[in-house]
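Peer 1: Return a 3D structure for these sequence lines:
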Amino acid sequence: MKPLLIVCILTALIFIVSCSDSPRDITLSDEYFPLQIGNKWYYQTTLGYNHTIEIIDTVRINGQLFFKTEGKYTRGRSTGHYTRYSDNKIYQKLGDREEYLFIDLSTPLDEPYSAYQAHMQTLVTRKASHETIDLFGKNFRNVIESYHQLPEGDNYHSYYARGIGLVALIWDNEDQNVTLRRAIIDGKTVFR
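Peer 2: Okay, the predicted model is just below:
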């Protein structure tokens, strides 16, 4: 059950991205969650498997622009979902289910709010904005750190770097981590 939860959370977290139709509509999500078809992230976990996540398409659902993502795992599993951005909030949609609030980037530090991850209600709190931070021996600049409290106590921290996206997930109670190994953004390798 734990690996499936991690796969769901990671897939959902990877694609907290902007859906701005115009370059002049730059928003917070554009900075921390770059979006373009072909953007791809390569991750490694301490659970013994690796995976990639890639933006593969866009689609309009009920008049809203969503970005379609695909995750491929070394264990042979594939996943996908849709993400859209509006007013510094990220909404996600799995299949034909209703969309849900995934994260609110405009919430002040240390003010918790209710959100969902793979349709599990969770309490999310923005904890810090780091000018620089060292994660697993790699230095990142301009990182947003959030804390996620899940119903079964599988709480974790997420770290998003400007211009890259999700760079790490670190669980509280167990030695479980997800780390970025490589990212291709706008056709260029921005992290290796």
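
Peer 1: Let me have stretch 32-44 in CSV, keeping just the CA atoms, if that works.
Peer 2: Only the C-alpha atoms of stretch 32-44 are listed here, as CSV (Å, rounded to 0.1, in the frame of the first residue of the first chain):
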residue,chain,number,x,y,z
TYR,A,32,8.1,27.0,-9.8
PHE,A,33,6.2,24.6,-12.1
PRO,A,34,7.4,25.1,-15.7
LEU,A,35,4.9,23.9,-18.3
GLN,A,36,5.5,22.9,-21.8
ILE,A,37,4.8,19.7,-23.7
GLY,A,38,8.0,17.7,-23.6
ASN,A,39,9.1,18.8,-20.1
LYS,A,40,10.4,15.7,-18.3
TRP,A,41,11.6,14.9,-14.8
TYR,A,42,13.6,11.8,-13.8
TYR,A,43,13.3,10.7,-10.2
GLN,A,44,14.8,8.1,-7.9
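
Peer 1: which non-adjacent residue is nearest Glu31?
Peer 2: Once flanking residues are discounted, Glu31 sits nearest to Arg162: 5.0 Å by CB to CB, 6 or more residues apart in numbering. No exception for glycine: its C-beta is placed from N, CA and C like everyone else's.

Peer 1: Please apply the same query to Asn142.
Peer 2: Arg162 (3.8 Å).

Peer 1: Could you do Arg141 as well?
Peer 2: Excluding the flanking residues, the one nearest Arg141 by CB to CB, 6+ apart is Thr132, at 5.3 Å.

Peer 1: show me what contacts that neighbour?
Peer 2: Asn139, Phe140, Arg141, Val143 (CB atoms under 8 Å, 6 or more residues apart in numbering).
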